[in-house]
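Q: my questions concern the predicted model and sequence given below.
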Amino acid sequence: MGKDPRGQGAFLAAAAAGCAGGAMTPRLELRGISKTFPGVVANDDVSLRVMPGEIHAVLGENGAGKSTLMKIIYGAMAADRGEIFWDGEPVRIPSPAAARQLGVGMVYQHFSLFESVSVAENIAVAVDEPFDLPALSARVRELSQRYGLPLDPGRLLGHLSVGERQRVEIVRCLLQHPRLLILDEPTSVLTPQAVKRLFETLRVVAAEGCSLLYISHKLEEIRALCDNATVLRRGAVAGGADPKVASSAELAALMTGAALPETRREPARPEPAPRLEVRSLNVTSEDPFGVPLRDVSFAVHPGEIVGIAGVSGNGQTELAALLSGERTVPDKDAIRLDGEPAAHLDAGARRDRGLAFVPEDRLGRGVVPLMSLRENAILTAHRLGMVRRGMLRRFKANAYAREVIERFNVRCTGAAATARSLSGGNLQKYIVGREIALSPRVLVVSQPTWGLDVAAAAAIRQALIDLSRRSAAVLVISEELDELFEICDRILVIYEGRLSASRERGETNVEEIGLLMAGMGADPGAGMGWVAGQAMNAGEAANAGVGST
Amino acid sequence: MDVAIAIVTGTVIAATPLLFAAMGELVVERSGVLNLGIEGMMLIGAVTAFSLSFAGYPAPVAVLAAVAAGAASSLLFGVLALTLLANQYAAGIALAILGGGLSGFLGRNFGAAPIEPVGPIHVPVLSEVPIIGPVLFGYDPMVYLALVLFGAVWWVLYRTRAGLVIRIIGENPQAAHDIGYKVIPIRYATVVFGGAMAGLGGAYLALAYTPLWVENMTSGRGWIALALVVFASWRPLRVLLGALLFGGVNILQFHAQSQGIGVPSEFLSALPYLATILVLVLISRNRRMQKVNFPASLAKPFRPGH
């Protein structure tokens, strides 16, 4: 086998056999993989090859068929047609166990981890070897040091941050000496600095001869890490590219079939009086593994978009529940709407005062999945006269739903379609549209574009900007840093339940916000609000960061 | 002194059927399945054990038959809830009702016929020691079996891979499936184990506790076992303590009734149930503790693949 397969130059993923690396046998080769679900072609004649030690990107939008393809490779799903070759031999992979037997490891985007048991136990359930926790813990420690992934095997998983959980997943795979490691959107939960560290680890893993399949829709990361890329579009291979050479625009064009849409924005003209104000909010979480909020203070003014950045699991869920009114607090003044105390008001009363809310969880919280779009409109828009003397006025609801569908370009069969029948992007456009059409005075949005394709995400971001420019106060809680930099006028960072001081978008950068997301920022946050504290010395800041990202 | 010894031994004996049934249900619930049919499975176990003993079979055979009958009845629940994905609450309640009716029907001719009860063991020398003898070595074999099974369940749940797998399936069956565990077969196994344990509990009632057949002789112990598991926050040691508490209050109220104190006997009979629930509710007030041990997928149907 070659010493440095990455020096072999570009293997175009779908290219014909016999190109530059003809002397080497691919670790994995797919030929003509197809998979159809009722109504959807998830994979259409997909072929790709990964050489030993190669870091190969599989790039595509959400819904392009990346996850299905990986599940087929990992044996979690069977292909309808096509062949899989492993080290040149045709193989069948009927189950994840069979995949592991071959040497395939998988790090899922949604971790298959268990909160109620320890790190070591989480690893023990997934390795096929005798059950011996002390011995396993020792090996986990050793391995995690070797790859720069610090972990304490004895801790309860539920107490770990998302970044630490990902390390558990990766260590779990590495323990089994995989020959092919699949990573599904591994950076969606990490700070920019943690991404860099992860990449260093992955390069070490690849240098040891393990092949990597790196699934992502983030172009810059793929350009920084990968040797080759296969781009999927609507289930089929749209092309291969050398990410070291290709520009982001070229990759994006391959991925979406069109140029990247851009958002338009005018400068913000916030009014002086805050419309949504949070003052020294202290709340313990109802979830045993949740994060208490500590001394959270901020304000949102009409005419601006304020973003709250942070790695998931740092108190965003708790904050969203408190802002929407799902949870109330006895201290009335902790949250003020238009200068009036509102923290004791329930969700309905807050909506009566002009607050609208888009939850993170679309199906189930944003809409009732089995109800029609028309009925789902009534859930929040009933305030616009859709109910008279306890009776629903269906024509009004229908007109409202149709207006939202038209104005926000929601693709569906009409106002009578069930919410569940819509794709993620269209459903989110409908939910955001439903709230915006209420002409809210304050809009709180949690993870507005999570899991959406580029076009739908751009449409939603534009709608949020437009709403704020019509002098609404808009608050966006998001884990996507790029998104916050694209649409927000000011950005705050939440870390372990504390909020940093606010920063004007033009006066900060991804690096600084990333450090704050890791708890290593120049200011300790600690609810100082607008008055950024300077007291924390550098040593303390460095200590706070170790092992906490 | 004799009264004190009688109270201690009586407590242990009254706790035994509950311990069997509740430890079984604990394992079932830890795997994420809620089988509300314990009362029914206990009755089926009881009538099976009694009828075989009545027909002259030796006690071990009667006990084994009760285990098999309990397991078989739980299998019925398993097919409904795990294969056909029926609502677990409804399926469990149906099983409870079915067990009550079926056992009453099968036992209709037993009247108040007596059988040979399972008697206490006799260990040479040790059983003769005052106080320690009767308190430690004066029970029937099934009491010791219950304690051994209690230890075994604890050990399996917390010290073996099998127990770990049961717990993670209870928390997140989808993730367990994704890493290659067969969720449905494992849940079948826990459900059948729960049924077997309920059958044992029923057999204990019919063969040792009151060696007579009385319709609905479990008198709600299946439901108490269910409550024990929940209020014990799915932790074995608390189940044991809860069972002993129930047994203790039960024996105390018997003594009180025989002393003829001026309290209605109906109230005294209800006391063990009230006391158990009350105490368990008080200990389980800590919601965080409750949630840490709670099998998050409890009673949610799981369908592998998507």
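A: Cool, the structure landed. Numbering: from 1, shown residues only, chains lettered A, B, ... in the order given.

Q: any idea which element residue 76 lies in?
A: The chain I'm using is chain A. For residue A:76, there is no helix or strand it lies in under DSSP states H and E.

Q: wrong chain, I was asking about chain B
A: helix B:59-78.

Q: neighbours around the nearest residue to residue A:131 once chain neighbours are set aside, how many?
A: Nearest-residue entry for residue A:131: residue B:161, 4.0 Å, with adjacent residues in sequence omitted and distances by CB to CB, 6 or more residues apart in numbering or on different chains. C-beta coordinates here come from the backbone N, C-alpha and C atoms, glycine included. By other CB atoms under 10 Å in any protein chain shown, the residues close to residue B:161 number 15.

Q: contact partners for residue B:161?
A: Counting by CB atoms under 8 Å, 6 or more residues apart in numbering or on different chains, residue B:161 makes contact with A:124-125, A:131.

Q: look up phi and psi at it.
A: Taking degrees, to the nearest 10, you get phi -60, psi -40 for the backbone angles of residue B:161.

Q: could you do residue A:28 as well?
A: Main-chain dihedrals, residue A:28, degrees, to the nearest 10: phi -140, psi 130.

Q: tally of neighbours for the closest residue to it other than its chain neighbours?
A: Nearest non-adjacent residue to residue A:28, counting by CB to CB, 6+ apart: residue A:50, 4.7 Å away. Using other CB under 10 Å, the number of residues around residue A:50 comes to 26.

Q: next one: residue A:340
A: Residue A:340 has 12 neighbours, counted by other CB under 10 Å.

Q: re the thing from before, nearest to residue A:352 among the contacts of residue B:161?
A: The nearest member of those to residue A:352, counting by CB to CB, is residue A:125 at 49.0 Å.

Q: the closest one contacts residue B:166, doesn't it?
A: No: the criterion here is CB atoms under 8 Å, and residue A:125 misses it with residue B:166 at 10.7 Å.

Q: quick revisit: for the residue nearest to residue A:28, what are its contacts?
A: A:26-29, A:56, A:180, A:211-213.

Q: one more time with 7 Å, if that's ok
A: Neighbouring residues of residue A:50 by CB atoms under 7 Å, 6 or more residues apart in numbering or on different chains: A:26-28, A:56, A:180, A:211, A:213.

Q: out of those residues, which are inside strands?
A: Among the contacts of residue A:50, the members found in strands (DSSP state E) are A:28, A:56, A:180, A:211, A:213.

Q: what residue ranges in the chain score low on pLDDT?
A: Unless you meant another one, I'm taking chain A. Residue ranges of chain A with pLDDT under 70: A:1-23, A:260, A:521-549.

Q: sorry, should have said chain B
A: Along chain B, segments meeting pLDDT under 70 span B:287-291, B:305-306.

Q: burial of the closest residue to chain B within the stretch 351-500 of chain A, as a residue count?
A: Nearest residue of the stretch 351-500 of chain A to chain B: residue A:364, at 13.6 Å (CB to the nearest CB). Neighbourhood size, residue A:364 [other CB under 10 Å]: 10.

Q: for it, helix, strand, or coil?
A: On the three-state scheme (DSSP: H, G, I helix; E, B strand; the rest coil), residue A:364 is labelled helix.

Q: ok so, going back, make CSV out of the contacts of residue B:161 and add distance to residue A:170 and secondary structure.
A: Converted to CSV, the contacts of residue B:161 look like this (distance: CB to CB, whole Å; DSSP: H, G, I helix; E, B strand; the rest coil):
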residue, distance to residue A:170, secondary structure
A:124, 16, helix
A:125, 16, coil
A:131, 22, coil
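
Q: circling back: redo the ones in strands among the contacts of residue A:50 as JSON lines? Include neighbour count.
A: Formatted as JSON lines, the ones in strands among the contacts of residue A:50 follow (neighbours: other CB atoms under 10 Å in any protein chain shown):
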{"residue": "A:28", "neighbour count": "25"}
{"residue": "A:56", "neighbour count": "28"}
{"residue": "A:180", "neighbour count": "23"}
{"residue": "A:211", "neighbour count": "24"}
{"residue": "A:213", "neighbour count": "27"}
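
Q: redo these as a markdown table? Include distance to residue A:81.
A: Putting the ones in strands among the contacts of residue A:50 into a markdown table (distance: CB to CB, whole Å) gives the following:
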| residue | distance to residue A:81 |
| --- | --- |
| A:28 | 18 |
| A:56 | 22 |
| A:180 | 22 |
| A:211 | 24 |
| A:213 | 20 |
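
Q: out of those, which is nearest to residue B:123?
A: Closest to residue B:123, out of all of those and judged by CB to CB, is residue A:180, at 61.9 Å.

Q: so who does that closest one touch?
A: Neighbouring residues of residue A:180 by CB under 7 Å, 6+ apart: A:27-28, A:50, A:103-104, A:210-211, A:213.

Q: could you rerun that using 10 Å?
A: A:27-28, A:50, A:52, A:54, A:56, A:73-74, A:86, A:99, A:102-106, A:210-213 (CB atoms under 10 Å, 6 or more residues apart in numbering or on different chains).

Q: distance of it from residue A:52?
A: Applying CB to CB, to the nearest Å, the value for residue A:180 to residue A:52 is 9 Å.

Q: swap in residue A:313?
A: To residue A:52, residue A:313 is 36 Å away according to CB to CB.

Q: before we move on, the earlier item: any shared contact partners between residue A:180 and residue A:52?
A: The contact sets of residue A:180 and residue A:52 overlap at A:27-28, A:210-211 (CB under 10 Å, 6+ apart).

Q: which two from those end up farthest apart in space?
A: Within those, two members stand farthest from each other by CB to CB: A:28 and A:210, at 11.5 Å.

Q: identify the contacts common to these two.
A: A:52, A:54, A:103, A:179-180.

Q: out of these, who's nearest chain B?
A: For those, the closest approach to chain B (CB to the nearest CB) belongs to residue A:103, at 14.7 Å.

Q: quick check: domain ranges of chain A?
A: Domains of chain A are assigned by automatic domain parsing as A:24-103+A:178-256, A:113-177, A:261-354+A:440-549, A:363-439.

Q: who wins for proximity to residue B:68 among those domains?
A: Between residue B:68 and those, the tightest spacing by CB to CB is seen for domain A:113-177, at 30.1 Å.

Q: pull the residues that contact stretch B:86-95.
A: Applying CB under 10 Å, 6+ apart, the set of residues contacting stretch B:86-95 from outside is B:28, B:32-41, B:44, B:73-74, B:76-82, B:84-85, B:195, B:226, B:298-301.

Q: mind giving me the PyMOL select for the residues you listed, buried ones only?
A: Buried residues within these, by 16 or more other CB atoms under 10 Å in any protein chain shown, are selected in PyMOL with:
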select buried, chain B and resi 28+32+33+34+35+36+37+38+39+40+41+44+73+74+76+77+78+80+81+82+195+226+298+299
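
Q: residue B:69: neighbour count?
A: Neighbours of residue B:69 using other CB under 10 Å come to 29.

Q: how about the residues of the stretch 151-300 of chain A by chain B?
A: A:156-158, A:172, A:284-290 (CB under 10 Å from any CB of the partner chain).

Q: can you flag which of those belong to strands?
A: Residues of these located in strands (DSSP E): none.

Q: quick check on these: which are buried?
A: Neighbour-count burial (16+ other CB under 10 Å) applied to those gives A:156-158, A:172, A:285, A:288-290.

Q: next, the contact list for residue A:304, please.
A: By CB under 10 Å, 6+ apart, the residues touching residue A:304 are A:268-271, A:275, A:468-469, A:471-475, A:488-490.

Q: of those, buried ones?
A: In the contacts of residue A:304, burial by neighbour count holds for A:268, A:270, A:275, A:468-469, A:472-475, A:488-490, counting by 16+ other CB under 10 Å.

Q: output those in CSV, with secondary structure appended to each entry.
A: Output for the buried ones among the contacts of residue A:304, formatted as CSV (three-state DSSP):
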residue, secondary structure
A:268, coil
A:270, coil
A:275, coil
A:468, helix
A:469, helix
A:472, coil
A:473, strand
A:474, strand
A:475, strand
A:488, coil
A:489, coil
A:490, strand
